[in-house]
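> Model the following, please.
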Amino acid sequence: MDLSRWGRIAGADEAGRGPLAGPVVAAAAVLTPAQEEELLSLGLTDSKKLTPRRREFLFERMLFLKVRWRAQAASPARIDGMNILRASLWAMGRSVEKLPPCFDTVIVDGTFPLPGLSCPQVPLPKADSLIPAAAAASVAAKVLRDRIMDILDGLYPGYGFKKNKGYPTVAHRKALEALGPSAVHRAGFTWRAP
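Numbering: from 1, shown residues only. Got it, this is the predicted structure:
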């Protein structure tokens with residue numbers, strides 16, 4: 001794919017749209033050619049295709065390489081108030097706005113543009129598999145969200161957040177049936193077992 005027509009690219013992606021609990025976390029990242037080359041050589045791709053250990057390794061390498069990135073979370077209350085799509089787009093937009101002016105175009109993973117951005121943007125499905133900067137954003141968002149869920153596991157024991165990360169696993173749904181929702185569960189999501 002010829003990316004030159006977009007100039008310097010910032011990639012934007014999110015993690016956590018599907019869970020029943022916790023925030024959705026978005027990130028935006030800009031890679032220099034040297035950073036891109038090294039991270040791709042280490043296996044950078046869509047975070048969903050990586051093991052947790054590999055994601056952590058790549059994220060730590062991003063920090064070591066001083067990759068420019070920013071993140072923003074949307075709380076369960078914001079998700080309930082806006083809906084998950086709008087909250088995800090809001091968080092991605094905020095993460096882009098926090099970046100220094102070091103890019104020409106934002107490539108957004110998905111089919112929707114980010115509302116309110118003054119810079120050029122291109123929504124692109126599967127951008128996290130096609131555009132290295134979007135893959136870096138995907139890794140940052142997923143690592144940060146997983147770390148949040150690990151913390152929430154200690155604050156809200158019994159739901160298995162450390163293991164299920166808030167996703168609707170059978171064990172998580174059973175815990176919800178037994179305990180009821182916690183303060184970090186998304187009220188607008190259907191969580192009852194069928």
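
> Spell out, range by range, the helices that occur in the chain.
33-41, 52-64, 76-82, 84-98, 127-130, 132-155, 161-164, 170-179 (DSSP state H).

> closest to Gly16 out of the ones you listed?
With CB to CB as the measure, helix 132-155 is the member of these nearest Gly16 (4.8 Å). In this view, the C-beta of every residue, glycine as well, is placed from N, C-alpha and C.

> before we move on, the earlier item: now the helices of the chain as CSV including distance to Arg186 and mean neighbour count?
Listed next are the helices of the chain as CSV, based on distance: least, CB to CB, whole Å; neighbours: other CB atoms under 10 Å:
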stretch, distance to Arg186, mean neighbour count
helix 33-41, 32, 15
helix 52-64, 23, 16
helix 76-82, 5, 18
helix 84-98, 8, 22
helix 127-130, 23, 22
helix 132-155, 13, 23
helix 161-164, 13, 18
helix 170-179, 11, 14
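
> Columns distance to Leu3 and mean pLDDT on top of those, output as a markdown table?
Converted to a markdown table, the helices of the chain look like this (distance: least, CB to CB, whole Å; pLDDT from 0 to 100):
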| stretch | distance to Leu3 | mean pLDDT |
| --- | --- | --- |
| helix 33-41 | 10 | 98 |
| helix 52-64 | 19 | 98 |
| helix 76-82 | 32 | 95 |
| helix 84-98 | 17 | 97 |
| helix 127-130 | 9 | 96 |
| helix 132-155 | 9 | 98 |
| helix 161-164 | 36 | 97 |
| helix 170-179 | 39 | 93 |
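
> Export those helices as TSV, with columns for distance to Leu20.
Listed next are the helices of the chain as TSV, based on distance: least, CB to CB, whole Å:
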stretch	distance to Leu20
helix 33-41	32
helix 52-64	20
helix 76-82	9
helix 84-98	11
helix 127-130	23
helix 132-155	12
helix 161-164	9
helix 170-179	7
